[in-house]
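Asker: take this sequence and fold it.
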Amino acid sequence: MVTYQANLAALLALCAALFAAHYKSPKQNLATKASKASPEASQHSFLLVYALVMAADWLQGPFLYSLYTEEHGIPSSLVSTLFTTGFLSGAASGYFTGSTADRRGRKAACLFFCAAYSLSCLATMVPSIPILFVGRVLGGVSTSLLFSVFDSWMVTDFHDRELAKKGGELPRTFGTMSTLNSVVAIASGVVSEWLVTVTGTRKTPFAASVVLLGVAFWLIAVQWDENYGDTGDKKVEAQQKQRTGGNKLWNTLSNTRVLSLGLASTMFEGSMYLFVFYWTPALRSTQTTATGLPYGVIFASFMASALAASLAFNTIASSHIVRYSTLLIAILATANICFFLSISPKSEQSTFWIFCLFEATVGMYWPWMSLLNSDAP
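Answerer: You can find the predicted model right below:
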């Protein structure tokens, strides 16, 4: 426990140094003053909601696997099926959640997310196999919404209010979101560890998530405006559909840039979701003592690594010192090295630091992908 606390302290010190270096630069000071001077108050409302929903998600992360195995008494083979159910649910729902939100409204989709994820948390607390599977299905759908409709709402709101003309910058907003996400994740790991220690049950972080989602639901309902996807001019759309034969799949497959980015995203995020499932048993397998692992502190350390990387992304994005395509190649290569190094048996601490390096690639990947999506037609 003490070793992991020292690791977390070192990572937080690194984050503080990077944060100070980034916001101390004259260029960033000017950008910060411009940001404060611009009328972007409603983005503060978005960032507050974003922090709440991400906290609700991160609170569960450290203890989902151990809740299944150590408190519900579910065998590891069935736990893997539960995780797979959630991933498949997210993949299947991802096919229609974005388009449905575009038609029905992004605000409505965000409200639906809060309700669905609350039900998922409640279902996860019940030691009944059928209900746990229902919880994973709802969790998969909710995850698909979390990483699509909130970004979409923010980007459309940004353009509708012409914030770019008033000093706003989407790259800076995405960088802020990534940094905020990491800070919230670190705090969530520590808080979840504290909640479990105080209450003696791993169900408490899930109950806390329900409370946060309820607050987010209220803020969205009261403060947000509805916006929709841009369907474009119907006549132009019909002509384009006639030229392409309406074959969207072929259009995607024939566009090498879209295809390559899609494959890169699929492979990276696939490895990321595998990591979500395997990091707990992987660290357990390297233990030389019978004491329990401080899952919340370890999780907070992973998120601190992601925060350090997102701060580095802010510097890269603002200075344009490297092309985004080159950055993606570096991210993918580093992640690949991490998994290669973790194949053979390692000590507990070396495995921990390899996992921290992988989380750093995740921390740089998400703002990169969000920025790319904002430029998509």
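Asker: how close does Asn221 sit to Ser342?
Answerer: One thing to correct before we go on: residue 221 is Ala, not Asn. Using CB to CB, to the nearest Å, we find Ala221 at a distance of 44 Å from Ser342. Just so you know, the C-beta spots here come from the backbone N, C-alpha and C atoms, and that holds for glycine as well.
Asker: tell me which of those two has more neighbours.
Answerer: Legend: neighbour count by other CB atoms under 10 Å for Ala221 and Ser342, higher for Ser342 (20 against 12).
Asker: quick one: the more buried one and Ala282 touch, right?
Answerer: Yes. Using CB atoms under 8 Å, Ser342 is in contact with Ala282, at 7.1 Å.
Asker: and for these two, which residues touch both?
Answerer: Common neighbours of Ser342 and Ala282 are listed as Thr351, Phe355 (criterion: CB atoms under 8 Å, 6 or more residues apart in numbering).
Asker: where do the helices sit along the stretch 151-300 of the chain?
Answerer: In the stretch 151-300 of the chain, the helices defined using DSSP state H, counting those that start in this stretch lie at 170-199, 204-223, 234-244, 248-254, 256-285, 295-319.
Asker: mind putting those helices in a markdown table, distance to Val155 included?
Answerer: Conversion of those to a markdown table gives the following (distance: least, CB to CB, whole Å):
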| stretch | distance to Val155 |
| --- | --- |
| helix 170-199 | 7 |
| helix 204-223 | 16 |
| helix 234-244 | 20 |
| helix 248-254 | 21 |
| helix 256-285 | 18 |
| helix 295-319 | 16 |
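Asker: and among these, the most buried is which?
Answerer: helix 295-319 (a mean of 23; mean count of other CB atoms under 10 Å).
Asker: downstream of that helix, the next helix or strand is which one?
Answerer: On the C-terminal side of helix 295-319, the nearest following helix or strand under DSSP states H and E is helix 324-341.
Asker: helices or strands next to that next one in the packing?
Answerer: In terms of contacts (3 or more CB pairs under 8 Å, 6 or more residues apart in numbering; DSSP states H and E), helix 324-341 is packed against helix 256-285, helix 348-374.
Asker: which parts of it are buried?
Answerer: Residues of helix 324-341 classed as buried by neighbour count (16 or more other CB atoms under 10 Å): Leu327, Leu328, Ile331, Leu332, Ala335, Cys338.
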